[in-house]
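**Student:** quick one: sequence plus predicted model below, questions after.
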Amino acid sequence: MQTDRATARKGRDFIARHGETVFNAARRLQGDHPHTPLTRAGFAQADEIGRALRDLLGARPALTLWASPTGRALQTLAVIAEHLELDWHAAGTDPRLSEIGMGSWGGRYYADVVGEVGPVVTAEGLLRPAADGEDYRQIATRVGGWLADTDADAGDRLVISHGISSRVLRGMMTGAHDHPEWGAPIAAGLPQGSLVLVANGAESIAHLGTGHAPA
């Protein structure tokens with residue numbers, strides 16, 4: 001429940017969606033693929049997040065850095081950390097912050113998968129789970145575990161995550177109702193390069209990115 005999370009969690013969370021990647025530009029399903037580098041547009045989106053956070057928090061803010069261990073999240077964090085004059089090497093990584101696992105669909109072109117099974121992106125910008133992939137309840141379990149492990153940590157956090165997993169993470173943090181089809185709390189979608197602030201169970205947009213809006 002929102003009240004439980006808001007009461008239990010210390011500090012504020014700045015949650016960012018990484019910038020555009022080569023998979024995004026090629027319209028390939030990325031999922032939990034570990035290393036898909038940013039495009040030039042993706043680096044520019046990371047720059048925008050860094051500038052927005054610098055304007056908001058100033059230089060060398062007291063932030064604990066967290067990221068998914070994927071290359072695209074760590075590249076995004078590196079750019080932001082440079083803006084903030086923080087040490088990228090001090091960041092913690094956790095696989096529970098990684099993107100939805102797409103099973104045998106991962107890495108394939110959207111068009112090819114759609115040609116075989118029909119639409120894989122819903123009207124809400126959510127990915128339809130693959131039969132051999134991960135579902136939204138499983139995402140909620142793993143990101144919920146990360147939340148529980150970090151609830152008592154003092155101070156503010158910067159978290160670099162992904163389109164789908166961050167929606168479940170934000171949904172859990174803000175007490176969103178379970179999605180009627182997918183059975184997990186899911187927040188509204190935001191473009192790549194976006195940054196939100198979650199404090200006391202409430203979310204506000206700190207920077208709206210310019211990247212892909214759907215997964």
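**Tutor:** Noted; the coordinates are in hand.
**Student:** surely residue 194 meets residue 203?
**Tutor:** No - the criterion here is CB atoms under 8 Å, and residue 194 misses it with residue 203 at 11.4 Å. Heads up, the C-betas are built off the backbone N, CA and C, glycines and all.
**Student:** which one's more surrounded, these two?
**Tutor:** Taking neighbours as other CB atoms under 10 Å, residue 194 and residue 203 compare with residue 194 leading, 25 against 18.
**Student:** what is the burial count for the spatially closest residue to the more buried one that is not a sequence neighbour?
**Tutor:** Among residues not flanking residue 194 along the chain, residue 209 sits closest, at 3.9 Å (CB to CB, 6 or more residues apart in numbering). Look at residue 209: counted by other CB under 10 Å, it has 23 neighbours.
**Student:** go on, residue 123?
**Tutor:** Residue 123: 7 surrounding residues under other CB under 10 Å.
**Student:** and the helix or strand hosting residue 170, C-alpha only, in PDB?
**Tutor:** Taking DSSP states H and E as the definition, residue 170 sits inside helix 163-173. Extracted C-alpha coordinates of helix 163-173, given in PDB (Å, rounded to 0.1, in the frame of the first residue of the first chain):
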ATOM      1  CA  GLY A 163      11.000   1.600 -19.400                       C
ATOM      2  CA  ILE A 164       9.000  -1.400 -18.200                       C
ATOM      3  CA  SER A 165      10.800  -2.200 -14.900                       C
ATOM      4  CA  SER A 166      10.800   1.400 -13.800                       C
ATOM      5  CA  ARG A 167       7.000   1.600 -14.400                       C
ATOM      6  CA  VAL A 168       6.500  -1.300 -12.000                       C
ATOM      7  CA  LEU A 169       9.000   0.100  -9.600                       C
ATOM      8  CA  ARG A 170       7.300   3.500  -9.600                       C
ATOM      9  CA  GLY A 171       3.900   1.900  -9.400                       C
ATOM     10  CA  MET A 172       4.900   0.000  -6.200                       C
ATOM     11  CA  MET A 173       6.400   3.200  -4.700                       C
END
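**Student:** I'm done for today, thanks for sticking with me.
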